[in-house]
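Q: dropping the sequence and predicted coords here.
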Amino acid sequence: MIENFDRLHGLPDGFFEISTANIRSLFPNPTLIQLDGEDENFLFISILLHGNEYTGLKVMQKILAQHAENLPRSILLFVGNVRAAEANRRYLPDQVDYNRCWPGTDLESSATSQMMQRIVEIAHGLPLFAAIDIHNNTGKNPHYACITDPNMKNQNLAARFNRVGMVFNHRGVSTMAFDDICPAITLECGLPGDPQGIEHACRFVEGMLTLDELPDSKPTRHALHLVESHLTLNIPEHISFEFNPEADVDLRFENDFEDRNFTLIDPQQIFGYTRVARPLSITDTDGHDVTDEILRVEAGKIYLNNTLMPAMITRDRLVIRQDCLCHLLQDYLHHEVEL
Ligand SMILES: [Zn+2]
C-alpha cells in the first residue's frame, strides 16, 4: 500500500494565509504541486519533511507571493508531513521519519517509502534543474547546506548558500534520492521560523530561479569549507553533567559551550572538565565506539586528539539524552583525490 498523497497543478487559494497549525485545511495529505514557470527546467523543492521545521513553508509563501504573476522557473513543490506539521512535531509516533525513507533507505518498505519512491519517479519524469530540501535544526548553528554527493555541481550549489557546507550520508534522505538525477542540497536554516534563516533561504531559492547553470569547477576554499560529519558524541546515561565549570557533577562544560558550534577545537584546547575516566562516548557512522581514539582525559581536563569542529551542539537535556550532545566534524578535503 502506498501512502495517499494529492497532486495539484497551480497553487490552491489560501496558500499565502496558512500556517502549520491549520495546514490540513488546505493540504489534508502530503501534496505535490506543479507550478509552471518560464524556464521549464524544474526546481524540486520539499518542505515540512519534518513537521516542526516550518521555515520552508514561510520561504515558499514569500517567494511565490513575489512571483504570483510570472515565475521565472517551474517548481515542483512537495509539502511533506502535514499531520506532524499540524501537531508541531518532527514526525508522529505512528509514522516513519519523512526524511529517512526516500529511495536508498535502510528502513523496511512502508507506505511512506513507497510514496517517496513515487514522488521521485514523477520528478524524474520532468526536466530537473536542482532539488532543494528545506530544514531547521535546534541550538545555535550557522545556516549551512548539506550534500550527500560532493561532486562539483553540488559543491557549487552548497557554496551559494554559505561558506561552510557539510557532506552527510544518512541513508534515505531526500537529497540522496536525487543524487543521480540532478544537483541536490539540504538547507539547514537555523531554528524554525528564525527570520534570518527565512531571509537567507529566500535569497538562495530566488537565485536558483534565474541561474543558468552551476559551474563544474571546484569552489575555492574561501568560497566553501567542506566538512563531514561522521562522529556522534553522547553523554552516557549514568554521567551527571552541567554547563558550568564549577558544578559538582561528573562532567562540566563552559557556559558558552554552544558558541563553539562550527569552530575548530585543536588538541591543546580544553573541551570540558571531568572527575571520571570516561565521561563521554563517541561513535562513528557505523556505530563503532571510537571514544579512546578521539579524546583523552588529562588531570581532569578533556582534550580532543585531533582538530575537530563540533556542530549541532544542544544544551537541551532531553535532546542530549534522546539524541546526542553534538556531532564532531572534520575537513572533507583529505579524502579528495587531487587531479
Ligand atoms: Zn529536518
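A: It's in.

Q: contacts only, for N137.
A: Taking C-beta atoms under 8 Å, 6 or more residues apart in numbering, we find N137 in contact with E53, E188, G190, L191, M312. All C-beta atoms are positioned from the backbone trio N, CA, C, and that covers glycine.

Q: give the next helix or strand downstream of the longest helix along the chain.
A: Secondary structure of the chain per DSSP state H: the longest helix is helix 195-210. Where DSSP states H and E defines the elements, the next helix or strand beyond helix 195-210 is strand 225-234.

Q: mind listing what that following strand pairs with, with the direction of each?
A: Looking at strand 225-234 with DSSP bridges, its partner strands are strand 164-167 (parallel), strand 281-284 (antiparallel), strand 326-331 (antiparallel).

Q: may I have the helix or strand hosting I33 as PDB, with CA atoms only?
A: Per DSSP H and E, I33 falls inside strand 31-35. Extracted C-alpha coordinates of strand 31-35, given in PDB (Å, rounded to 0.1, in the frame of the first residue of the first chain):
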ATOM      1  CA  THR A  31       0.800  17.200  -1.600                       C
ATOM      2  CA  LEU A  32       2.800  17.600  -4.800                       C
ATOM      3  CA  ILE A  33       2.200  20.900  -6.600                       C
ATOM      4  CA  GLN A  34       3.300  21.700 -10.100                       C
ATOM      5  CA  LEU A  35       3.900  25.400 -10.700                       C
END
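
Q: what angle sits between the helix or strand just after that strand and strand 31-35?
A: Sequence-wise, the next helix or strand downstream of strand 31-35 (DSSP H and E) is strand 39-47. For strand 39-47 against strand 31-35, the angle by axes from the mean of the first three to the mean of the last three C-alpha atoms, to 10 degrees is 150 degrees.

Q: what's strand 39-47 in contact with?
A: Contacts for strand 39-47 (C-beta under 8 Å, 6+ apart): 56-57, 59-60, 72-80, 123, 126-134, 174, 178, 182, 205, 208-209.

Q: same check on stretch 149-162?
A: With C-beta under 8 Å, 6+ apart as the test, stretch 149-162 has contacts from 130, 142-147, 165, 167, 176, 179, 183-185, 187, 200, 204, 207-208, 214-219, 223-224, 226, 332, 336.

Q: again with stretch 118-130
A: With C-beta under 8 Å, 6+ apart as the criterion, stretch 118-130 contacts 2, 5, 32, 39-44, 73-74, 76, 78, 102-103, 131, 157, 177-178, 181-185, 208, 211, 214.
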